[in-house]
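Trainee: Okay, sequence plus prediction incoming.
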Amino acid sequence: MADMAAVFMDGGYLSKLLRNYFGEPRIDYAKFAAWCASGMTVFRVYYYDCLPHQSSYPSEEERERLSRAQRFFTALQRLDRFTVRQGRLAYRGVDDKGYPVYQQKQVDLQLGLDIASVVSRGVVRMIVLVSGDSDLIPAVQFAQQEAVLVRLVHGPERTYHQDLWDIADERYQITEDIIRQFIR
């Protein structure tokens, strides 16, 4: 087995980091994935996200936001060795300001199943997880149990769950200098 790595990107997490910490830059995802897997050959990149909410009678803004997301997912899917997995949004009520709250569904489970599948096939020596979600800890533990290294790629402190950070074998922090390398 060559030194192969599979990169698993939580698109919601990465988008939020890019928006909240780095000014919402457009980045080259293929180059970013290669950096995430530094020192290894990228077997495949799995990207997980949901399309934005579309109401029954969508506004022009909702239609445009959906169209942009669809174009983005299509562009990612066309990159070499990229796979896009889509979850769905579930309405969860309103926040304290009266704005609707939506939650991603099926993303974490798809991500965990893909990790288990890739690890079980023995095709990679490392998984790279771009996420901050502690729901992924069982998948990380499974990979480690199968002698696969786990690299966590994360944002600044408080953007990831500490238990996930603690269990990872390696940790790469996404900084402004790192993101600058991948701006398109």
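Mentor: Perfect, thanks for sending it.

Trainee: Tell me where the longest strand sits in this structure.
Mentor: When the chain is parsed with DSSP state E, its longest strand is strand 41-49.

Trainee: Within the sheet, what are the partner strands of that strand, with directions?
Mentor: Sheet partners assigned to strand 41-49 using DSSP bridges are listed as strand 4-10 (parallel), strand 82-86 (parallel).

Trainee: Would you verify that Leu89 is located in a strand?
Mentor: Yes. Under DSSP: H, G, I helix; E, B strand; the rest coil, Leu89 sits within a strand.

Trainee: Give the bridge partners for it, please.
Mentor: Counting by DSSP bridges, the residues bridging with Leu89 are Gln104.

Trainee: That one: what's it in contact with?
Mentor: Residues in contact with Leu89 (Cβ atoms under 8 Å, 6 or more residues apart in numbering) are Cys50, Leu51, Pro52, His53, Tyr102, Gln103, Gln104, Lys105. For the C-beta atoms, the positions are set from N, CA and C on the backbone; glycine is no exception.

Trainee: what sits up against the longest strand of the chain?
Mentor: 2-12, 15, 29-30, 33-34, 69, 73, 76, 79, 81-87, 104, 107, 110-111, 114, 118, 123-124.

Trainee: try 7 Å this time
Mentor: Outside strand 41-49, the residues within contact range by Cβ atoms under 7 Å, 6 or more residues apart in numbering are 2-12, 33-34, 76, 81-87, 107, 110-111, 114, 123-124.
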